[in-house]
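Undergrad: Sharing a model prediction with you, sequence too.
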Amino acid sequence: MFLFNYSKKVKIILAILFGLAVFFVVGFIVFDRSQVKDLEALDQAKIFATALERYYDKFNAYPVSKEVDLNSIQILTENGFNQVGRVIYYQSSSLFKRQVYFLSSANNYTIKVNLKNSWPIWGLNSWRGGECRLTNYLEWKCL
């Protein structure tokens, strides 16, 4: 036996409110995970860029590459990308969570990361996100 005898309208309103609460909690979790993927991609790009800077310190040039998906680069050694060598400057531990592209010449490089969320701190005010670029000396610029 119920302690309260709610009318049918009150029960419907409570069910709708409960449904909306569940909807918003699920939406928040999905949005939060999307932001985490953005940050993971930026972190992975920074790790790769740090390896490029170490390579540059040793050889006074960056390894040359046309624009490629960074997921296609598994390792960087003294012999270049995806080549076996004695010294490993970079080794991929997992796939990038976002689209990340890499382009380099002997004197500079650009890593492009496509973010899916708004990041006002970096100037990405659109709800659709935008592109951030990491260039020589670990300099970030978002468009």
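TA: Done, it's in.
Undergrad: Could you use CA atoms for every contact and neighbour count after this?
TA: Will do.
Undergrad: quick one, what contacts the residue sitting nearest the centre point of the chain?
TA: With distances taken as CA atoms, centre = their mean, A41 lies nearest the centre of the chain, 2.3 Å away. Going by CA atoms under 8 Å, 6 or more residues apart in numbering, A41 touches F96, K97, R98, V100, V113.
Undergrad: one more time with 6 Å, if that's ok
TA: By CA atoms under 6 Å, 6 or more residues apart in numbering, A41 lies in contact with F96, K97, R98.
Undergrad: can you tell me the helix or strand for it?
TA: helix 8-59 (DSSP states H and E).
Undergrad: any idea which helix or strand comes after the lowest-mean-pLDDT helix or strand in the chain?
TA: Using mean pLDDT, DSSP states H and E, helix 8-59 stands out as the lowest-scoring helix or strand of the chain, at a mean of 82. Per DSSP H and E, the first helix or strand lying C-terminal to helix 8-59 is strand 65-69.
Undergrad: strand partners of the helix or strand just after that following strand, parallel vs antiparallel please.
TA: Next along the chain after strand 65-69, taking DSSP H and E as the criterion, comes strand 75-77. For strand 75-77, the pairing partners within the sheet under DSSP bridges are strand 80-81 (antiparallel), strand 88-91 (antiparallel).
Undergrad: Any idea how many residues pack against the residue nearest to G130 when sequence neighbours are not counted?
TA: The shortest distance from G130 to any non-neighbouring residue, by CA to CA, 6 or more residues apart in numbering, is to L115 (5.3 Å). Residues lying near L115 (other CA atoms under 10 Å) number 25.
Undergrad: How about L17?
TA: Neighbourhood size, L17 [other CA under 10 Å]: 12.
Undergrad: now do N114
TA: When neighbours are counted by other CA under 10 Å, N114 registers 19.
Undergrad: And L103, by the same measure?
TA: Residues within reach of L103, counting by other CA under 10 Å, total 18.
Undergrad: hmm, back to that, which ones among the contacts of A41 map onto strands?
TA: Per DSSP state E, strands hold no members of those.
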